[in-house]
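Undergrad: Mind looking at a prediction? Sequence and model below.
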Amino acid sequence: MNNNQATLRKLEQMKFYGMVRAFTHTMETGVKHQFTADELVTHLVDAEWDDRYNRKLARLVKNARFRYKASFEEIDFTLNRNVDKNQLLRLATCQWIESHQDCILTGPTGAGKSFIASALGYQACMYGFKVSYWSCAKLFAQLKLSRADGSYLKELTRIQKTDLIILDDFGLAPLDTYSRLTLLEILEDRHGRKSSLFVSQLPVNNWHDVIGDATIADAICDRLIHTAHRIELKGESVRKLYAHN
């Protein structure tokens, strides 16, 4: 076994897969002669960094389970739906997640709410944040089951540790007692510590009615509405517009 093969074997054992590919490529193509020693080291380190970043990003995106495969660059700002591009550009920096702030995205059916939410979530993954994407109905149903099998506190802890939780389809149906108390508990754990993005067809003014209990509604809205970034989409269905084109 020559020195290069021994080096590659050691790199693989240390799981430096980016370095393995870059080192192999430089050896096979002969471009190693174009590098000084420090340039070669920089090239190998950059390759390893890129490889680890890409693998981490893929893992974060997979675990997030976004509704749509969407990126910020794919958001169509030419549509007449009350999208403030400057506001979304600011949100795309993810400073609001770094500062543990919340966001509310509302608009009519088909306005592209879930796509924009998925794009903002993907952007968060690119910055290394852990994201979890849920429809409210599925989240509350899963947490209800977790109470039965004794894993409820474990599930709450997992949610609490998530940097950004995206709750889609909020308010499609009135919340029952269990769901509203669960939502309050989630927000209690996350308020000022982590970020939440609510996506809803309902204007914020109607949220009290769908939450139900006035006292709990006040507690939920007080923790969320007054300080959250607000995106209010308008106009006709984006799906309808694209279908006619």
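TA: Ah, there it is. Residues are numbered from 1 along each chain as shown.
Undergrad: Now do the helix or strand hosting Leu11: distance to the chain's middle.
TA: If you go by DSSP states H and E, Leu11 is part of helix 3-13. Taking Cα atoms, centre = their mean, to the nearest Å, one finds the center of helix 3-13 at 37 Å from the center of the full chain.
Undergrad: After it, heading C-terminal, what element do we hit next?
TA: Next helix or strand after helix 3-13 toward the C-terminus (DSSP H and E): helix 17-29.
Undergrad: How far does the strand or helix carrying Ala124 sit from its chain's centre?
TA: Applying DSSP H and E as the criterion places Ala124 in helix 113-126. Chain-centre distance of helix 113-126: 6 Å, with Cα atoms, centre = their mean.
Undergrad: pLDDT on that helix, on average?
TA: When pLDDT is averaged along helix 113-126, the result is 95.
Undergrad: And stretch 185-205, by the same measure?
TA: Mean predicted confidence for stretch 185-205 is 92.
Undergrad: What are the buried residues along that stretch?
TA: 186-187, 190, 194-201, 204 (16 or more other Cβ atoms under 10 Å). Any C-beta I mention is one placed from the backbone N, CA and C, and that applies to glycine too.
Undergrad: Mind putting these into TSV with secondary structure and distance to Val45?
TA: Below are these laid out as TSV (DSSP: H, G, I helix; E, B strand; the rest coil; distance: Cβ to Cβ, whole Å):
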residue	secondary structure	distance to Val45
Ile186	helix	41
Leu187	helix	42
Arg190	helix	37
Lys194	coil	32
Ser195	strand	32
Ser196	strand	37
Leu197	strand	35
Phe198	strand	41
Val199	strand	40
Ser200	strand	45
Gln201	coil	48
Val204	helix	48
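Undergrad: that older thread, continuing past the helix holding Ala124, what's the next helix or strand?
TA: Once the chain leaves helix 113-126, the next helix or strand it forms, by DSSP H and E, is strand 131-135.
Undergrad: Surely Ile231 and Leu105 touch.
TA: Yes. Applying Cβ atoms under 8 Å as the test, Ile231 and Leu105 come out as touching, 4.5 Å apart.
Undergrad: higher neighbour count, those two?
TA: Neighbour comparison, Ile231 and Leu105: the larger count goes to Leu105, with 25 against 22 (by other Cβ atoms under 10 Å).
Undergrad: Tell me the secondary structure of that one, please.
TA: strand (DSSP: H, G, I helix; E, B strand; the rest coil).
Undergrad: residue contacts, it?
TA: Residues in contact with Leu105 (Cβ atoms under 8 Å, 6 or more residues apart in numbering) are 113, 116-117, 197-200, 231, 233.
Undergrad: Ser118 contacts Tyr133, correct?
TA: Yes. Using Cβ under 8 Å, Ser118 is in contact with Tyr133, at 6.9 Å.
Undergrad: Now the common contact residues for those two.
TA: Common contact partners of Ser118 and Tyr133 (Cβ under 8 Å, 6+ apart): 66-67, 166.
Undergrad: can you redo the residues you listed as TSV with neighbour count, distance to Val210 and secondary structure?
TA: Listed next are those as TSV, based on neighbours: other Cβ atoms under 10 Å; distance: Cβ to Cβ, whole Å; DSSP: H, G, I helix; E, B strand; the rest coil:
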residue	neighbour count	distance to Val210	secondary structure
Phe66	21	24	coil
Arg67	19	20	coil
Ile166	27	18	strand
